[in-house]
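Enquirer: Sequence first, then the predicted structure:
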Amino acid sequence: MPNNAAPAAALVFVATVVVFLMRRYASGEKSSKRRICTLSREEVAGHALFLDCDDTLYFNDWVLARELTGCIDKYCVEELGLSPDRAFELYKMYGTCFRGLQIEKVKGFETEDFLAKVHDPIVPSLQRLIQPDGKLQEMLKRLRADVRARVFTASCSEHATRCLKALGIYGMLIDAERPIIDVRKVDFYTKHDNEAYGIAMKLAGVTDPSQCWIVDDSWTNIRIAKKNGWNTVLCGSMARDGRPAAVEMADHADYIIDSIHDLGRVLPQFFD
């Protein structure tokens with residue numbers, strides 16, 4: 001029996017890998033090629049399209065995101081005297097470390113001081129990592145005027161502005177009537193909070209959640225948006241750890257795209 005244990009275990013392992021690879025292959029059928037919006041152009045007139053900023057409108061393998069996380073960790077340790085792992089704990093509990101510091105009323109925490117000190121240090125990297133995106137610019141030029149496109153970010157407007165300008169799309173999405181919907185605009189709620197979606201709807205001038213569409217890379221944000229009755233487009237077919245989105249997000253993401261450049265493929269009615 002002991003002599004057969006190793007081969008049996010090996011067979012189980014191989015079978016597990018085969019099943020995983022089959023599911024991963026199948027996920028390709030469930031990416032941006034799987035579904036296309038079937039509403040008519042007339043039906044989507046006046047709908048709101050909420051575009052996340054970080055790791056959605058641009059993607060650099062989470063390099064900038066990791067640097068920002070490092071700045072948050074550093075702030076929590078050096079400015080607030082917290083343990084090195086506390087920032088991540090707050091993120092897991094409240095959706096963002098910022099929200100956790102706010103709710104728990106951590107001594108020494110000050111809203112604007114935090115936003116400046118965690119975002120300003122990454123400006124040089126942002127300018128290096130985010131370059132003008134001609135393909136995205138061309139896509140947004142075709143976005144219909146009667147679609148209420150808004151940038152909806154969990155970050156601050158200063159950071160989002162830098163990203164949009166680096167991409168060369170700021171003026172295409174932002175003006176006096178369409179300011180960035182940032183953490184301040186939603187009363188410091190996160191996209192993990194139902195309240196954020198209600199506020200975003202009011203800011204976009206929409207009352208019916210079925211007329212709201214969110215494009216976001218966060219699986220949690222997509223889940224909460226779907227719970228609030230929004231239409232959901234998950235940007236990114238794989239999680240950071242390699243899990244296929246189509247398997248775990250099938251019930252939450254109405255559409256899954258590999259990158260923002262595929263948006264016109266699944267929502268053709270939103271573009272001319």
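Expert: Received it, and whenever you're ready, just let me know what you need. Everything quoted here is computed from the prediction, not taken from an experiment. Residues are numbered from 1 along each chain as shown.
Enquirer: mind listing the helices for the stretch 1-150 of the chain?
Expert: Applying DSSP state H, counting those that start in this stretch to the stretch 1-150 of the chain gives helices spanning 2-29, 41-44, 63-78, 86-94, 97-103, 111-119, 123-129, 134-141.
Enquirer: So which elements touch the last one?
Expert: Going back to what we said before, that points to helix 134-141. Judged by 3 or more Cβ pairs under 8 Å, 6 or more residues apart in numbering; DSSP states H and E, helix 134-141 is in contact with helix 170-173. C-beta coordinates here come from the backbone N, C-alpha and C atoms, glycine included.
Enquirer: Now the helix it packs on - C-alpha only, CSV.
Expert: Provided in CSV are the C-alpha atoms of helix 170-173 (Å, rounded to 0.1, in the frame of the first residue of the first chain):
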residue,chain,number,x,y,z
TYR,A,170,-8.6,64.4,-19.2
GLY,A,171,-10.4,66.9,-21.4
MET,A,172,-12.4,64.1,-23.0
LEU,A,173,-14.0,63.0,-19.8
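Enquirer: Could you list the residues in contact with that helix?
Expert: 51, 137, 140, 141, 143, 149, 150, 151, 161, 164 (Cβ atoms under 8 Å, 6 or more residues apart in numbering).
Enquirer: May I see the PyMOL selection of the buried members of these?
Expert: In PyMOL, selecting the buried portion of these, with burial taken from 16 or more other Cβ atoms under 10 Å, looks like this:
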select buried, resi 51+140+143+149+150+151+161+164
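Enquirer: Output the below-cut-off pLDDT ranges for the chain.
Expert: 1-34 (pLDDT under 70).
Enquirer: again, only using 90
Expert: Counting by pLDDT under 90, the chain contains low-confidence ranges at 1-35, 95, 238-244, 246-248.
Enquirer: Residue 62 and residue 142: what is the separation?
Expert: The gap separating residue 62 from residue 142 is 29 Å, by Cβ to Cβ, to the nearest Å.
Enquirer: Of those two, which one has the most company?
Expert: Higher neighbour count among residue 62 and residue 142: residue 62, with 14 against 11, using other Cβ atoms under 10 Å.
Enquirer: Give me the subset of the contacts of helix 170-173 lying in strands.
Expert: Judged by DSSP state E, the subset of these located in strands is 51, 149, 150, 151.
Enquirer: I'd like the residues you listed as TSV, with distance to residue 100 appended.
Expert: Output for these, formatted as TSV (distance: Cβ to Cβ, whole Å):
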residue	distance to residue 100
51	26
149	31
150	26
151	24
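Enquirer: farthest-separated two in the residues you listed?
Expert: Distances among the ones in strands among the contacts of helix 170-173 were taken as Cβ to Cβ; the most separated pair is 149 and 151, at 8.0 Å.
Enquirer: Can you pull the residues that touch both of these two?
Expert: Taking Cβ under 8 Å, 6+ apart as the contact rule, residue 149 and residue 151 both touch 51, 173.
Enquirer: burial of residue 124, as a residue count?
Expert: 10.
Enquirer: what do you get for residue 46?
Expert: By the measure other Cβ under 10 Å, the count of residues near residue 46 is 13.
Enquirer: wait, residue 152 sits on residue 200?
Expert: Yes - with contacts counted by Cβ atoms under 8 Å, residue 152 reaches residue 200, the gap being 5.6 Å.
Enquirer: Between these two, which contacts overlap?
Expert: Taking Cβ under 8 Å, 6+ apart as the criterion, residue 152 and residue 200 both touch 50, 181.
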